[in-house]
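J.: Got a sequence here, can you model it:
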Amino acid sequence: MQFTITATDPHSSARAGIIKTSHGEIHTPIFMPVGTAGSVKAVHQRELEHDIGAEIMLGNTYHLYLRPGIGLLQKAGGLHAFTGWNRPLLTDSGGYQVYSLSDNRKIHEEGVTFKSHIDGSKHFFSPENVMDIQRAIGADIVMAFDECTPYPCEFRYAKKSMALTHAWLTRCIKRMNETEAMYGYEQFLFPIVQGSTYPELRKESASFIAEQHQPGNAIGGLSVGEPHEEMYAMTDLVCSILPKDKPRYLMGVGTPENILECISLGIDMFDCVMPTRNARNGMLFTTQGIINIRNEKWKDDLSPLDTGLEGYTSRFYSKAYLRHLIINKEILGSQIASIHNLTFYLWLVKEARRQIEAGTFVSWKNNMVKTVSTRL
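T.: Below you'll find the model as predicted:
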């Protein structure tokens with residue numbers, strides 16, 4: 001994997017770059033649509049690639065391990081072949097499920113024992129077998145196995161959890177180094193910085209991660225309920241320590257405002273379920289602001305969804321028609337809204353990149369943050 005910084009903003013830490021993988025180039029800053037089980041909900045891969053312009057998709061190790069199962073993915077030749085997605089893939093390690101499925105798991109030094117949310121069957125994840133699972137899935141970028149701490153979190157627990165994440169990382173790196181990729185192309189490991197919202201822990205974790213000299217680095221344990229100001233402060237602190245010549249991935253973030261502010265702090269990669277999850281509930285992100293399409297005010301509005309976007313859903317379908325579909329729970333409504341929101345998110349990071357290259361990012365960002373936060 002190669003990462004080249006092609007432009008930097010003179011008034012912030014924002015930068016534009018290119019990540020090169022065996023399945024193509026990723027132009028940063030980038031937003032990665034979440035395809036948890038090998039599918040971005042309500043969106044066809046063809047639309048994801050050609051209409052939305054996604055350059056990378058995210059899958060989830062925990063969910064793919066349970067269904068369809070690693071055996072079938074290996075038989076298919078990996079997740080790329082199984083899904084027909086020929087652009088880059090990133091897989092989360094299942095560490096977030098250690099956090100989110102707290103009632104169904106037990107954490108210990110060796111790994112995590114958990115019950116399947118599907119049938120209650122017991123399973124065990126260790127740093128070693130999580131690397132093996134991600135080898136079998138075949139993503140271009142694989143994440144280290146970590147524990148994502150909740151918010152709020154006591155200092156003692158955060159410190160203990162961080163130490164466990166670091167110990168697991170050492171084992172992940174060892175396992176990756178002693179195993180081979182299965183499908184004829186390289187895979188690259190990203191460690192994850194933890195430490196909750198404690199500056200001293202974040203400094204320690206970021207320094208430890210930087211010392212591992214992996215191809216890229218991630219920041220986890222944020223956007224889990226803490227105030228935005230704390231998320232920005234921790235992101236800024238960690239970015240000041242992580243190497244500048246490696247891509248930085250802020251996991252699970254977030255709103256358009258969050259993405260813009262964190263680009264200015266030096267983040268290159270983002271993912272979040274928000275654009276598709278909110279779309280299915282009738283919330284649209286537009287270049288003019290946020291629309292709740294279920295509101296009565298859009299019932300007779302025959303104007304396009306968003307004239308500021310080039311995407312076909314934004315210009316072809318009216319607000320009134322989409323509201324009609326959403327209110328009547330038509331599947332097409334979820335599809336149109338999801339494609340629209342992802343088109344907006346990809347437009348947002350592409351426009352941010354253009355502004356960075358032009359040296360006008362900060363003034364544009366300050367105005368855009370106000371716009372994308374406005375409810376229409």
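
J.: Look up the closest residue to E49, ignoring the ones flanking it.
T.: Counting by CB to CB, 6 or more residues apart in numbering, the nearest residue to E49 once its immediate chain neighbours are dropped is R87, at 6.5 Å. (Glycine included, C-beta is placed from N, CA and C.)

J.: The one you found against G53, yeah?
T.: No - the criterion here is CB atoms under 8 Å, and R87 misses it with G53 at 10.5 Å.

J.: Comparing the two, which residue is more hemmed in?
T.: Taking neighbours as other CB atoms under 10 Å, R87 and G53 compare with R87 leading, 18 against 15.

J.: Skipping adjacent residues, who's closest to the residue positioned nearest the centre of the chain in space?
T.: The centroid of the chain falls nearest to D271 when counting by CA atoms, centre = their mean (1.9 Å). Take D271 and drop its neighbours on the chain: the residue closest to it by CB to CB, 6+ apart is M32, 4.2 Å away.

J.: The one you found: neighbour count?
T.: 24.

J.: List the contacts of it.
T.: 54, 56-58, 90, 269-271 (CB atoms under 8 Å, 6 or more residues apart in numbering).

J.: Can you lay out the residues you listed as JSON lines showing pLDDT and distance to L260?
T.: Listed next are the contacts of M32 as JSON lines, based on pLDDT from 0 to 100; distance: CB to CB, whole Å:
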{"residue": "A54", "pLDDT": "98", "distance to L260": "19"}
{"residue": "I56", "pLDDT": "98", "distance to L260": "19"}
{"residue": "M57", "pLDDT": "98", "distance to L260": "22"}
{"residue": "L58", "pLDDT": "97", "distance to L260": "20"}
{"residue": "L90", "pLDDT": "98", "distance to L260": "21"}
{"residue": "M269", "pLDDT": "98", "distance to L260": "14"}
{"residue": "F270", "pLDDT": "98", "distance to L260": "10"}
{"residue": "D271", "pLDDT": "97", "distance to L260": "16"}
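
J.: quick check, nearest of those residues to L250?
T.: Ranked by distance to L250 (CB to CB), those are led by F270 at 5.8 Å.

J.: quick one: average pLDDT of whichever strand or helix holds V369?
T.: Per DSSP states H and E, V369 falls inside helix 361-372. Averaging the model's pLDDT scores along helix 361-372 yields 98.

J.: which secondary structure elements does the helix or strand where M162 lies contact?
T.: If you go by DSSP H and E, M162 is part of helix 155-178. If contacts are counted by 3 or more CB pairs under 8 Å, 6 or more residues apart in numbering; DSSP states H and E, helix 155-178 sits against helix 127-137, strand 188-190, helix 199-210.

J.: partners of the shortest one in the sheet?
T.: I take that to be strand 188-190. Note on strand 188-190: by DSSP bridges, its sheet partners are strand 141-143 (parallel).

J.: what's next to the partner strand, contact-wise?
T.: Outside of strand 141-143, the residues within contact range by CB under 8 Å, 6+ apart are 1, 21, 61, 88-93, 95, 131, 134-135, 176, 187-190, 192, 216, 218.

J.: let's see it at 6 Å
T.: Contacts with strand 141-143, where a contact means CB atoms under 6 Å, 6 or more residues apart in numbering, come from 90-93, 134, 187-190.

J.: most neighbours, which of those?
T.: Q134 (31 neighbours).

J.: pretty sure that residue contacts T91?
T.: Yes - using CB atoms under 6 Å, Q134 is in contact with T91, at 5.3 Å.

J.: per-residue pLDDT, E310?
T.: pLDDT, E310: 87.

J.: Quick check: most distant residue from the centroid of this protein.
T.: D300 (35.8 Å).

J.: Show the contacting residues for the spatially closest residue to it that is not a sequence neighbour.
T.: In space, and not counting its chain neighbours, D300 is closest to A320: 5.8 Å by CB to CB, 6+ apart. Residues in contact with A320 (CB under 6 Å, 6+ apart) are 300-302.

J.: Which of those residues sits closest to G333?
T.: D301 (15.3 Å).

J.: hang on, isn't the closest one packed against Y321?
T.: No - here D301 lies out of contact with Y321, judged by CB under 6 Å, at a distance of 9.6 Å.

J.: tell me the mean pLDDT over the host helix or strand of R46?
T.: Element membership for R46, per DSSP H and E: helix 45-46. Computed over helix 45-46, the mean pLDDT rounds to 96.

J.: Determine how far that helix lies from the middle of the whole chain.
T.: 19 Å (CA atoms, centre = their mean, to the nearest Å).

J.: contact partners of whatever helix or strand comes next after it?
T.: Downstream of helix 45-46, the next assigned helix or strand under DSSP H and E is strand 57-60. Contacts to strand 57-60, defined as CB under 6 Å, 6+ apart, come from residues 32-36, 38, 79, 85, 89-92, 271.

J.: From those, pick the one nearest A144.
T.: D92 (10.2 Å).

J.: Quick check: the gap between the closest one and V238.
T.: Taken as CB to CB, to the nearest Å, the spacing of D92 relative to V238 amounts to 19 Å.

J.: close enough to count as contact, G289 and S373?
T.: No - the pair G289 / S373 is not scored as a contact, 7.5 Å apart, by CB under 6 Å.
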